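Sequence and predicted structure, then a few things I'm wondering about:
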Amino acid sequence: MTAEARAAGSGRGPAALHGKVAIVTGGAGGLGRATALALAAAGAEVVVADLDVEGGREVADLVGGSFRTCDVSDLDANRALVDFAVERCGGVDIAFLNAGVATGCGVADDFDLARYRRAMGANLDGVVFGTHAVLPALRARGGGSIVATASLAGLASVPLDPLYGANKHAVVGLARSLGPALAPDGIRFNAICPGFAESRIIDPLRDMLSAQGMPVIPAEVVADTVLRIVTGDDTGECWFVQAGREPEPFRFRNVPGPGQPAYA
């Protein structure tokens, strides 16, 4: 079944988000670009944010939206992005906090402080700062939806890039915690956890993935899942998107509760 067919049959068709305003960070390419297109096709007015000015403006033109340069690792830049969206579009209803980068270093002899700060700034600070900045705008609209891009690396061990695994696990923990915390305000917070999906991050891995026969997930599949989350009712969920599987919320195993005293 195509993404369009799934959307039409589930309340995510062309008018599903009519009158809604969406911010998409990292919107110049990959998952951000595909999701900006999907949100616009569902009727939303989209504000595209990225450091890639040329690519971001191109996507904004495609969706009939607006573009704003934004370094998501800068708190004031996130606030300015939200202010821009409110002034230009009248408010914000949806935030897809998607901007992210690969780490490029480990924690042993290959540790590089600048690379570490860059990755944590984009992948974790970008979600925290983006959430902090957009909450007042969402509350002003009576609620809304935040979707943060985590990764399958946030649900499993990542021996080849433990720092990437660390910041993506943090996004997963944030989604699970903020979901119920923000629910009284009518704000839903969820995470999307794709496997190897079409984006710039997998460029260095393409030969390896091809050699191992590992399929690359089309960005449109991830975008359709984001749209599914945005138009749904649930919160605090972390949706996996994996090749050959239907996307769905990951079912975390229960943490053991207290039992009999283990120590005298």
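Perfect, thanks for sending it.

which strands and helices sit next to the helix or strand encompassing A38?
According to DSSP states H and E, A38 maps onto helix 30-41. Judged by 3 or more C-beta pairs under 8 Å, 6 or more residues apart in numbering; DSSP states H and E, the packing partners of helix 30-41 are strand 21-25, strand 45-50, helix 53-63, strand 94-97, helix 219-230. (Glycine included, C-beta is placed from N, CA and C.)

Which among the ones you listed is found nearest to R141?
strand 21-25 (8.5 Å; C-beta to C-beta).

Touching that closest one from outside, list them.
Residues outside strand 21-25 that contact it (C-beta atoms under 8 Å, 6 or more residues apart in numbering): 32, 35-36, 39, 44-50, 70, 72, 81-82, 85, 89-99, 126, 130, 134, 230.

And the pLDDT at D207?
Looking at D207, its pLDDT is 66.

on that earlier part again, buried ones among the contacts of strand 21-25?
Neighbour-count burial (16 or more other C-beta atoms under 10 Å) is assigned, among these, to 32, 35-36, 39, 44-50, 70, 72, 81-82, 85, 89, 91-99, 126, 130, 134, 230.

Just the buried positions in stretch 155-173, please.
For stretch 155-173, the neighbour count (16+ other C-beta under 10 Å) marks 155, 158, 161, 163-172 as buried.

which one of the residues you listed is nearest A16?
Using C-beta to C-beta, V171 is the member of those that sits closest to A16, with 25.6 Å.

Could you check the angle the longest strand seen in the chain makes with helix 219-230?
Longest strand in the chain, counting residues (DSSP state E): strand 187-194. Per axes from the mean of the first three to the mean of the last three C-alpha atoms, to 10 degrees, the angle that strand 187-194 makes with helix 219-230 is 160 degrees.

Direction included, what does strand 187-194 pair up with?
Using DSSP bridges, the strands paired with strand 187-194 are strand 144-149 (parallel), strand 238-241 (parallel).

Can you give me the pLDDT of A34?
As predicted, A34 sits at a pLDDT of 96.

Could you report the separation of it from E198?
Between A34 and E198 the computed distance is 8 Å (C-beta to C-beta, to the nearest Å).

For the helices and strands packed on helix 30-41, could you give me a markdown table that also reports distance to P256?
Output for the helices and strands packed on helix 30-41, formatted as a markdown table (distance: least, C-beta to C-beta, whole Å):
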| stretch | distance to P256 |
| --- | --- |
| strand 21-25 | 37 |
| strand 45-50 | 41 |
| helix 53-63 | 46 |
| strand 94-97 | 32 |
| helix 219-230 | 29 |
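
Got phi/psi on the spatially closest residue to R88 that is not a sequence neighbour?
Of all residues not flanking R88 in the chain, S66 sits nearest, at 5.3 Å (C-beta to C-beta, 6 or more residues apart in numbering). Per-residue torsions, S66: phi -120, psi 160 (degrees, to the nearest 10).

wait, isn't S66 in contact with A40?
No: S66 is not in contact with A40 according to C-beta atoms under 8 Å; the separation is 11.5 Å.

thinking again about what came up before, what about the residue nearest to R88, how many residues nearby?
20 (other C-beta atoms under 10 Å).

dump the residue contacts of F84.
If a contact means C-beta under 8 Å, 6+ apart, then F84 has V47, S66, R68 as its contacts.

and what of L31?
N98, T149, P194, A197, E198, S199, A219, V222, A223.

Tell me, how many residues neighbour the third one?
For P194, the count of nearby residues is 25 (other C-beta under 10 Å).

Check the second one too.
T149 is surrounded by 29 other residues when neighbours are defined as other C-beta under 10 Å.
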